[in-house]
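A.B. asks: Dropping a prediction and its sequence here:
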Amino acid sequence: MLWQPSLPERYEKMSSDALSAAISDRRERLGDRLVILGHHYQTDAVIRHADLTGDSLKLSQAAADVVRERGASFVVFCGVHFMAETADMLTPDAVEVILPDLSAGCSMADMADYDQTVEAWDAIEGSLRRGGWTGKLVPITYVNSTAAIKAFVGDHGGACCTSSNADAVFAWAMGQGDDVKILFLPDQHLGRNTAAKYGLDVETETCVYDPKLAQVGEPFGGALEEELARARVILWAGHCSVHKLFRAEHATEIHRANAGLAPGVEPVRILVHPECAKEVVDLADLAGSTEFIINTVRASAPGSRWAIGTEHNLVGRLRSEGVKRGVEVRTLSDCQCLCTTMYRIDEPHLLWVLDGLCGIGVDGPVVRNRIRVDAEVRRSALVALERMLSLTGAGVSGVQV
């Protein structure tokens, strides 16, 4: 996590109405030079100021398109650090990408450190080769990872994936040779769920590499060499702190309540994100990406009832939308499953960076909290992104790699 300086006191003392009015004023001053992106997990107070909303990669691609259309100079990403990195990679060098609060990181992305990944790769490959394995090890990284991890994957013949296209990327990797093993970073749950959908027995054909165990002397991250030899997928021991909060007993409780419903009463259907643990996904009626969740609820008929396993703010907005159509939406867990790092982005920080761009309270315009990806890292990371997008016939918004 990067260090974020405290804001001047006046920002913290402003009311939400005053903050909103000031942000609208700065947006008007900056005009087409500014694009504000709002991730689905942001609060309503922030989302209302966004020009574009969506998932992380979709937002970065859309931002690149808008930059070309408008000639924008500044992209303010109301998300977390790895998302701003991706936006920086997909937009021209002259465009300045800003993260309103530098402490808005992602715990999952931070679980895969570059040096630890190099160490893991060398240890795993060394063990496999010593055992006589002659196949190919292919890395896949979820887009919820740092630019450095994406670059590692690009340099080692692998690809990125999203929760929407993980199945396609997984199948592509498995098709890279007669004897392929996958190292899946950093979310073990998406990796395990994807492996299961591919048809693997996750009990016998996957194992987990935990970098924390490697740090305390376990050479293969807690896995045994015979497990590495047997596994077709090696899962990095990372997870989403939000989706980890949904547990099998939450789904079981829904099923139990459905079983006791009177005839003709619509049962509650369970819809979860594949970052949830496999035992939760297995008990769900449907599992899919954030966009899949949104589109499924919006397309559901009046009278439908949903229990959703994903971030609190998004579920709240779907609940508000559903009420207007007679669709019932609730969270799968009663706890407030909030992305606390995303929550660090708020109206005071958004206004602070916009004030800097407008030169308000400072001696001339200043770009605060610019996110820059090293040129060499960018080049390798874009290789991994391009490999992923080539599977869907898309490109990285015209970026040459």
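C.D. replies: On my side now, so go ahead. Numbering: from 1, shown residues only.
A.B. asks: So, low pLDDT: which residues of the stretch 1-150 of the chain?
C.D. replies: With pLDDT under 70 as the threshold, the stretch 1-150 of the chain has low-confidence stretches at 1.
A.B. asks: how does it look with 80?
C.D. replies: Counting by pLDDT under 80, the ranges of the stretch 1-150 of the chain that qualify are 1-3, 56.
A.B. asks: what ranges do the helices span in it?
C.D. replies: Using DSSP state H, counting those that start in this stretch, the helices of the stretch 1-150 of the chain run over 9-13, 16-30, 44-47, 56-70, 81-90, 107-110, 114-130, 147-155.
A.B. asks: closest to Val138 out of those?
C.D. replies: The closest of those to Val138 is helix 147-155. By C-beta to C-beta, the value is 9.1 Å. Placement of C-beta: from N, CA and C, glycine included.
A.B. asks: How far off centre is that closest one?
C.D. replies: A distance of 16 Å separates the centroid of the chain from that of helix 147-155, by C-alpha atoms, centre = their mean, to the nearest Å.
A.B. asks: returning to that earlier point: reformat the helices of the stretch 1-150 of the chain as a markdown table; add mean neighbour count.
C.D. replies: Output for the helices of the stretch 1-150 of the chain, formatted as a markdown table (neighbours: other C-beta atoms under 10 Å):
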| stretch | mean neighbour count |
| --- | --- |
| helix 9-13 | 11 |
| helix 16-30 | 15 |
| helix 44-47 | 18 |
| helix 56-70 | 20 |
| helix 81-90 | 27 |
| helix 107-110 | 23 |
| helix 114-130 | 16 |
| helix 147-155 | 25 |
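A.B. asks: Could you dump the ones you listed into JSON lines with distance to His349 added?
C.D. replies: Written out in JSON lines, the entries for the helices of the stretch 1-150 of the chain read as follows (distance: least, C-beta to C-beta, whole Å):
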{"stretch": "helix 9-13", "distance to His349": "8"}
{"stretch": "helix 16-30", "distance to His349": "10"}
{"stretch": "helix 44-47", "distance to His349": "9"}
{"stretch": "helix 56-70", "distance to His349": "18"}
{"stretch": "helix 81-90", "distance to His349": "13"}
{"stretch": "helix 107-110", "distance to His349": "19"}
{"stretch": "helix 114-130", "distance to His349": "27"}
{"stretch": "helix 147-155", "distance to His349": "22"}
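A.B. asks: Show me the one of those that comes nearest Ala287.
C.D. replies: helix 107-110 (17.5 Å).
A.B. asks: tell me what the closest one is packed against?
C.D. replies: Under the contact criterion of 3 or more C-beta pairs under 8 Å, 6 or more residues apart in numbering; DSSP states H and E, the helices and strands touching helix 107-110 comprise an empty set.
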